[in-house]
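Here's a sequence, model it:
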Amino acid sequence: MKKILTLLAFAVLLQFSAKAQFERYGVRLANGVAYVSDDLLTHSPIFGFGIGGYVDYMFTEWKNPWAENIYLETGLNIVRRGTNFQQVWTLTPTSIRQGFYHNWYAQIPIFAGFKWEIPQLPAGNYLNVIFGPTINVGIFGRLKDRKVTPGMPQESHNYDTFITGSKDDRRSFKNMRRFDVGVVFGVGYQWHNFTFDIYMDHGFIALMKKDDVLNGVIYNSTDPNNQITSDDNRNSYTGTNHAFMISIGYQLPINR
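Model prediction:
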């Protein structure tokens, strides 16, 4: 049954491909806010940035009334993501940890889009919606991690990656995952060749792997014998990339 479904899906893709072609290309410049939300850290956003180019793949000969409205989009973006973070321990002695991640990624989007010309306005005015996954690969980045604990001289309680640490301690992707997968949802307006978009970019993969102190001592309330169970795969770090961006771009048809 799975083989039959796979063959059917492949046949449908071939049918679409036979009736589809690249119709337009463009560039975008985006600015906004980016942050990483972790359950144990207070966070505040940094300046998010994105620049890239794309092509739209349309089903122009598809026998469907929506053939001129539905399209696929892919391309390559260079994006900046990260966060400021802070953690405070109020037990004596008081301790504070703070820093930031400034990470740059190469991002490949795979979007499905719907473009609709506004009938109440003159020709050349459109609304559009995009939705789809992104694949992100870290290029380079900076990590600042500083902890100060008055009254405790131990290095584990007093450190600064920009002072006491090595170069690798300051390189983001020496200390966190380089690969991320996300999803983007956005709405936009196009006036002739100019495009204006607002979109949300949400990552799914936790940027780091940290041991959870509860590993091996997790109480299983569903166990009738009230036994203690372990969960060695639990990750105490939950931070993932998030961004809210506004972009402006320029789009042109592909001449044939």
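
Identify the residue nearest the geometric centre of this protein.
Gly203 (3.8 Å; CA atoms, centre = their mean).

quick one: Tyr57 and Gln21 touch, right?
Yes - between Tyr57 and Gln21 a contact is recorded at 7.2 Å, counting by CB atoms under 8 Å. Every residue, glycine included, has its C-beta placed from N, CA and C.

thinking again about what came up before, just give the nearest non-adjacent residue to the residue nearest to the centre of the chain, would you?
Leaving aside its sequence neighbours, Gly203 sits nearest to Asn241 (CB to CB, 6 or more residues apart in numbering; 3.4 Å).

Relative to whichever strand or helix holds that neighbour, what are the paired strands and their orientations?
Per DSSP states H and E: Asn241 is located in strand 240-253. Within its sheet, strand 240-253 is paired with strand 21-37 (antiparallel), strand 194-203 (antiparallel), according to DSSP bridges.

If you count neighbours, what's buried in the first one?
Of the residues in strand 21-37, 23-28, 30, 32, 34-36 count as buried by neighbour count, 16 or more other CB atoms under 10 Å.

Tell me how many other residues crowd His202.
Neighbours of His202 under the rule other CB atoms under 10 Å: 14.

mind checking how far it is from Thr134?
9 Å (CB to CB, to the nearest Å).

got any residues that touch both of those two?
Any residue near both His202 and Thr134 by CB atoms under 8 Å, 6 or more residues apart in numbering counts here, and that gives 182-184.

Now list the buried members of these.
Of the shared contacts of His202 and Thr134, these count as buried by 16+ other CB under 10 Å: 182, 184.

Which of the shared contacts of His202 and Thr134 fall in strands?
The strands, defined by DSSP state E, take in 182-184 from the shared contacts of His202 and Thr134.

Closest to Gly124 out of the residues you listed?
Val184 (25.3 Å; CB to CB).

Please name the bridge partners of that closest one.
Going by DSSP bridges, Val184 forms beta bridges with Gly132, Asp201.

got the contact list for it?
Contacts of Val184 by CB under 8 Å, 6+ apart are 109, 111, 130-134, 199-202.

By neighbours, which of these wins?
Asp201 leads the contacts of Val184 on contacts (other CB under 10 Å) with 26 neighbours.
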